[in-house]
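>>> mind looking at a prediction? Sequence and model below.
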Amino acid sequence: MKVFKKIVPVLLFLVIALLTVCFRSIPKGKTWKNFKVLYVSNTVPQTTVEKALSNAGIAEYVDLKNQNAPIMLAKDSIEAAMLKINLYEKENKYLFDRQNYFYDSNGEYLLYYVPDSYENSLNKVIADLKKQGITAGIDSSLSYLWVLPALITLLAFILIFFSKNKTFYTISAIMPCIYVFCNAFYSCAISSIILLLCIYLISNIYSRQGAVKRLIKNYILPAALVISVMAAFSSSLLCGFFYLLTIAGTLCAMLTAKNLKAFKLRRSGFTPVFIRPAKMISPYAGKAKIVMPLVLVFSVLVIAYFALGSLSIINTKTDSSLLLPGKAAESDPKLPNLDSFYRWNWNVRTNPYKSLNVENSDDLNTVSYPRYEVEDGIIVPYIQTLKYDQDFKKSVYDSIDNLDFYSIESVIKQQGSDFNAGYTNSASYSVSIFSIIMMIICFTMLLFIYFSAMIGKGGRK
């Protein structure tokens, strides 16, 4: 039973670490799921861009030049004939609105949608075009905020040198580092800094008499942890949930470190007894004047990195003033969605059969017309009825995959049912007001801890 109790914390730690890695939330600076957007000055001939794409080995992409009417019709059908006749009528407005997906908001750049599988090849395309003096770029070069996990890991390593119980601290600090590597968001980084500070404070007094009582009576530690949890949740529910798991994993790591120390002492045959209880010991190990400024500096670096990114000072390949079509909170009327595509399909398929005596015939959701079939050598009339319903929409939705060209509708389809098209700036990450507020609160909490440590003579040993 004793062995089992010692193994359980290790197993739980490994499970939590594995779950954190498997369900990581990696920030992406992309405007489209599964696609990168290449933008090139619209004064450049499309043949030049096509040649650069071909030379880089990119065979599949969605561009304006190769767009056709996104509907499967027999060439000799009455529907196809009426589509050609009424091509420039209001009922076919969708065909022209969809072209807006191939331009930025100002119409200065022509856009090419390239699958993510060609992401590395796109760098060759950009280099090739720039050699020719052509202005070009991709929707965003931001993919991972590597600076954040680097800062947190560096802080964790530095605190090792100031910790009295280095083994205990090192093992306990593993989980926060894993967490921020798998959740590289600003508020998650600030939360991890607070957690590392808490681990450092615990590591310096955990083995002394009255340590638990000292930690519980010190309201600053629980308050800081609660605030850090709120900060993690400000990033997303998933980040918050895994931060709670990270705290649990850290506790398991602490138990493991404690068991390892006990095992080592049993083998040595000598068990040291600390004379002074926890209440007489500074949790800062006499290094408050060094540790707290360090923690503050790293938290300032995280906030500064966020501020620089928000102001687009961080160097990216994307023009910060460039607004490209992409996922937005609200739809832009210039960019038609799949509902517009369904309605246009409906009108094309039913226009030949609509009565000219009906006002607003484009709004009809049911169309009936006479048809004929031969039964036993006899021509028999019957009424064909078409309905604009979910079944019709599904058939149109499924037909996108059968189009004989790379359509913009196929790109939109892959974005999911909650996709709203609008013009967005992909050069920066979207951070909620709640996250910003929580980062400020976390920094304020760290300042409070700093001043309380100085006033409370946190530098004593």
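Okay, I see it.

>>> buried stuff in stretch 125-138?
125, 126, 128, 129, 134, 136, 137, 138 (16 or more other Cβ atoms under 10 Å). (Glycine included, C-beta is placed from N, CA and C.)

>>> including distance to residue 232, pLDDT and secondary structure, could those go into a markdown table?
Putting the buried residues of stretch 125-138 into a markdown table (distance: Cβ to Cβ, whole Å; pLDDT from 0 to 100; DSSP: H, G, I helix; E, B strand; the rest coil) gives the following:
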| residue | distance to residue 232 | pLDDT | secondary structure |
| --- | --- | --- | --- |
| 125 | 39 | 93 | helix |
| 126 | 37 | 90 | helix |
| 128 | 43 | 93 | helix |
| 129 | 42 | 93 | helix |
| 134 | 44 | 91 | coil |
| 136 | 39 | 89 | strand |
| 137 | 34 | 87 | strand |
| 138 | 31 | 85 | strand |
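
>>> turn these into JSON lines, columns for distance to residue 192.
What follows is the buried residues of stretch 125-138, written out as JSON lines (distance: Cβ to Cβ, whole Å):
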{"residue": "125", "distance to residue 192": "38"}
{"residue": "126", "distance to residue 192": "35"}
{"residue": "128", "distance to residue 192": "41"}
{"residue": "129", "distance to residue 192": "41"}
{"residue": "134", "distance to residue 192": "43"}
{"residue": "136", "distance to residue 192": "38"}
{"residue": "137", "distance to residue 192": "33"}
{"residue": "138", "distance to residue 192": "31"}
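
>>> show me which of those residues is closest to residue 58.
Nearest to residue 58 out of the buried residues of stretch 125-138 is residue 125 (Cβ to Cβ; 6.9 Å).

>>> wait, residue 399 sits on residue 72?
Yes. With contacts counted by Cβ atoms under 8 Å, residue 399 reaches residue 72, the gap being 5.9 Å.

>>> what's the closest non-adjacent residue to residue 25?
residue 183 (5.1 Å; Cβ to Cβ, 6 or more residues apart in numbering).

>>> so who does residue 19 touch?
242, 245 (Cβ atoms under 8 Å, 6 or more residues apart in numbering).

>>> after whichever helix or strand it is part of, next one along is what?
Using DSSP states H and E, residue 19 maps to helix 2-22. Tracing the chain past helix 2-22, the next element assigned as helix or strand by DSSP H and E is strand 35-41.

>>> mind giving me the packing neighbours of that following strand?
helix 46-55, strand 109-115, helix 119-131, strand 136-138, strand 324-327 (3 or more Cβ pairs under 8 Å, 6 or more residues apart in numbering; DSSP states H and E).

>>> compare these and give me the one nearest residue 286.
helix 119-131 (51.0 Å).

>>> contacts for the closest one?
Residues contacting helix 119-131 (Cβ under 8 Å, 6+ apart): 36, 38, 40, 44, 48-49, 52-53, 55-58, 114, 136-138, 317.

>>> for stretch 240-252, same thing?
9-10, 12-13, 16-17, 19-20, 23, 25, 172, 175-176, 178-179, 182-183, 188, 191, 195, 199, 225, 228-229, 232-234.

>>> cool, and stretch 377-393?
In contact with stretch 377-393 (Cβ under 8 Å, 6+ apart) are residues 342-343, 346, 349-350, 353, 364-374.

>>> quick one: terminal-to-terminal distance for it?
This stretch, stretch 377-393, spans 36 Å end to end (Cα to Cα, to the nearest Å).

>>> show me how far that stretch is from its chain's centre.
Put simply, stretch 377-393 sits 46 Å off its chain's centre (Cα atoms, centre = their mean, to the nearest Å).

>>> now that stretch: mean pLDDT?
Averaging pLDDT along stretch 377-393 yields 88.

>>> list the buried residues in that stretch.
386, 388, 392, 393.

>>> out of those, which comes closest to residue 65?
Once Cβ to Cβ is applied, the member of those that ends up nearest residue 65 is residue 393, at 28.7 Å.

>>> so that closest one, which of the three states?
helix (DSSP: H, G, I helix; E, B strand; the rest coil).

>>> is residue 132 in contact with residue 45, as I believe?
No. The pair residue 132 and residue 45 does not pass the contact test of Cβ under 8 Å, sitting 11.1 Å apart.

>>> returning to that earlier point: the residue nearest to residue 25 - how many residues pack around it?
Residue 183 has 29 neighbours, counted by other Cβ atoms under 10 Å.

>>> does it touch residue 237 like I think?
No. At 12.0 Å, residue 183 and residue 237 do not qualify as touching, with contact defined as Cβ under 8 Å.

>>> now for residue 343, how many residues are close by?
Residue 343: 18 neighbours (other Cβ under 10 Å).

>>> pLDDT at residue 244, what is it?
Looking at residue 244, the pLDDT reads 96.

>>> to clarify, my last question referred to residue 53.
95.

>>> how near is residue 159 to residue 432?
Counting by Cβ to Cβ, to the nearest Å, the separation of residue 159 from residue 432 is 30 Å.

>>> quick one: buried ones out of the contacts of helix 119-131?
36, 38, 40, 44, 49, 52-53, 56, 58, 114, 136-138.

>>> of the residues you listed, closest to residue 416?
When these are compared for distance to residue 416 (Cβ to Cβ), residue 36 wins out at 17.7 Å.

>>> OK, contacts around that closest one?
Residue 36 sits next to 30, 113, 114, 115, 116, 118, 119, 122, 138, 139 when contact means Cβ under 8 Å, 6+ apart.

>>> buried subset of those, written for ChimeraX?
Buried members of the contacts of residue 36, defined by 16+ other Cβ under 10 Å, are picked up in ChimeraX with:
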select :30,113,114,115,118,122,138,139
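
>>> and of the contacts of residue 36, the nearest to residue 304?
Using Cβ to Cβ, the contacts of residue 36 come closest to residue 304 at residue 30, 24.5 Å.

>>> my read: residue 6 touches residue 259, true?
Yes. Using Cβ under 8 Å, residue 6 is in contact with residue 259, at 4.9 Å.

>>> ok so, going back, what's the most distant pair in the buried residues of stretch 377-393?
386 and 393, at 12.6 Å, using Cβ to Cβ across the buried residues of stretch 377-393.

>>> nearest to residue 403, of the helices and strands packed on strand 35-41?
Minimum separation from residue 403 across the helices and strands packed on strand 35-41 (Cβ to Cβ) falls at strand 109-115, 14.5 Å.

>>> helices or strands up against that closest one?
Partner elements for strand 109-115 (3+ Cβ pairs under 8 Å, 6+ apart): strand 35-41, helix 46-55.

>>> return the distance of that strand from the chain's centre.
On Cα atoms, centre = their mean, the centre of strand 109-115 falls 21 Å from the chain's centre.

>>> please consider this matter closed, and thank you.
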